[in-house]
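Return atomic coordinates for the entry below.
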Amino acid sequence: MQPVVNDKPPPFDIDRVGGLFSERQIVLPLAVASLITLALSLTFLHVQTLVTLPAGLSRYLDNGYCQSMIALFVAILLYAMLQYLGLHAERLHLQQRFGTDEARQGSRLQDWLAYLSGRSMRDEETVAAALQRWSGQARDREDWTLVSDYLLMLRSQQHQHNFAPIGFAIWVLPLLGFIGTVIGITQAVSGLEASIIPSDGGASGLGGVLGGLAFAFDTTFVGLVLVIPTMLLLLILRARAQKLDMVYYRILLDRLFHDRPD
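Residues are numbered from 1 along each chain as shown. Next up, the predicted model:
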């Protein structure tokens, strides 16, 4: 039996589409978020020495380990905000590119937001050009279905690529909390040993037990609490990305292929 040969034209070549799976869309917003977080951390440390924080907050904010976890959360929060703004700028560009009723004139602020999020408006143009090249090779409705499904699949993979740091934070925040638990329990065990052995430092040993347990509970609490809004950020970004994919499907494909025969 002869093997069945699929002679349909392949979907557009990813290598010829700039911007897809670009490291720029991760590195640039992550660097911006990290620099802003560093500036905020230094500002907070300066303000912390000038004001007295409430006891409930100072318990966590005076802990250097908890401070590092909170700084990681702030950096991921800023990264998520930049990704959200990047998706918004990308959608506006598509609407302007294809002249929809919702289209608005571009602005310098929009260009800056797109740049900070790692987006380049040329990327969307190359995707449109690649789809246009592919449409010249398509022959029937099955080809149109193939290219639309392939585009949505590529967009989904690109979103997973761009949101990878957020997924990493969701995994690492509770893990850091558990590591803090181990460190705190280790300190508590050391303090317990010092309190049991008769010596002049018995009182300080008991203080080490309580301090170690407090450290363990605080770090676990902070890690578990921070992971909840981080997961919410990821859900919001995925919802926004799905809306953008529908814009690609409705505007880009429909306007490119509306005059093609069945």
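
Could you list which residues are in contact with residue 58?
Residue 58 is in contact with residue 52, counting by CB atoms under 8 Å, 6 or more residues apart in numbering. Quick note: C-beta positions are derived from backbone N, CA and C, even for glycine.

Just the pLDDT at it, thanks.
pLDDT recorded at residue 58 is 77.

Quick check: it vs residue 191, distance?
22 Å (CB to CB, to the nearest Å).

same question, residue 79
39 Å.

Neighbour count: those two, which is higher?
residue 79 (27 against 21; other CB atoms under 10 Å).

Point me to the helix or strand that includes the more buried one.
Here residue 79 sits within helix 64-98, counting by DSSP states H and E.

Which strands or helices does that helix pack on?
helix 24-48, helix 55-61, helix 108-116, helix 121-135, helix 164-196, helix 202-247 (3 or more CB pairs under 8 Å, 6 or more residues apart in numbering; DSSP states H and E).

what is the orientation angle of it with helix 108-116?
Between the axes of helix 64-98 and helix 108-116, defined by axes from the mean of the first three to the mean of the last three CA atoms, to 10 degrees, the angle is 120 degrees.

So which bits of helix 64-98 are buried?
Within helix 64-98, the residues that qualify as buried by neighbour count (16 or more other CB atoms under 10 Å) are 65-67, 69-98.

for stretch 157-165, same thing?
Buried, per 16+ other CB under 10 Å, within stretch 157-165: 158, 159, 162, 163, 165.

quick check, nearest of the residues you listed to residue 42?
residue 165 (22.1 Å; CB to CB).

pretty sure the closest one is touching residue 26, no?
Yes. Using CB atoms under 8 Å, residue 165 makes contact with residue 26 at a distance of 6.5 Å.

Tell me how many other residues crowd residue 244.
Quick note: residue 244 (other CB under 10 Å) scores 18 neighbours.

For the remainder of this discussion, apply numbering that starts at 35.
All set: I'll call the first residue 35, so the last point we hit is now residue 278.

give the contact list for it.
121, 124, 125, 189.

so what pLDDT did the first one get?
This points to residue 121. pLDDT at residue 121 comes out at 87.

The one 5 residues further on too?
Model confidence at residue 126, expressed as pLDDT, equals 79.

Could you export stretch 271-283 as CSV, CA atoms only?
Below are the C-alpha coordinates for stretch 271-283, written out as CSV (Å, rounded to 0.1, in the frame of the first residue of the first chain):
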residue,chain,number,x,y,z
LEU,A,271,-3.8,38.0,31.3
ARG,A,272,-5.0,34.7,29.7
ALA,A,273,-8.5,36.2,29.4
ARG,A,274,-7.1,39.3,27.8
ALA,A,275,-4.9,37.2,25.4
GLN,A,276,-7.9,35.1,24.3
LYS,A,277,-9.8,38.3,23.5
LEU,A,278,-6.8,39.4,21.4
ASP,A,279,-6.7,36.1,19.6
MET,A,280,-10.4,36.5,18.7
VAL,A,281,-9.5,39.9,17.3
TYR,A,282,-6.8,38.2,15.1
TYR,A,283,-9.4,35.7,14.0
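
ok so, going back, by mean pLDDT, show me the worst of the helices and strands packed on helix 98-132.
What stands lowest among those, in mean pLDDT terms, is helix 155-169, with a mean of 62.

downstream neighbour of it in the secondary structure list?
helix 175-196.

What's the mean pLDDT across that next one?
Mean predicted confidence for helix 175-196 is 77.

Can you point out the buried residues in that helix?
Those would be 177-178, 180-182, 184-186, 188-189, 192-193, 196, for helix 175-196 by 16+ other CB under 10 Å.

angle of that helix against helix 198-230?
30 degrees.

how about residue 152, secondary structure?
Taken by DSSP: H, G, I helix; E, B strand; the rest coil, the conformation at residue 152 corresponds to coil.

Hmm, it is touching residue 121, no?
No. With contact defined as CB under 8 Å, residue 152 does not reach residue 121; the gap is 11.4 Å.

which one of the contacts of residue 278 is nearest residue 148?
residue 124 (7.3 Å).

The closest one - nearest residue in space that isn't next to it in sequence?
In space, residue 124 comes closest to residue 153 once its chain neighbours are excluded; the distance is 5.8 Å by CB to CB, 6 or more residues apart in numbering.
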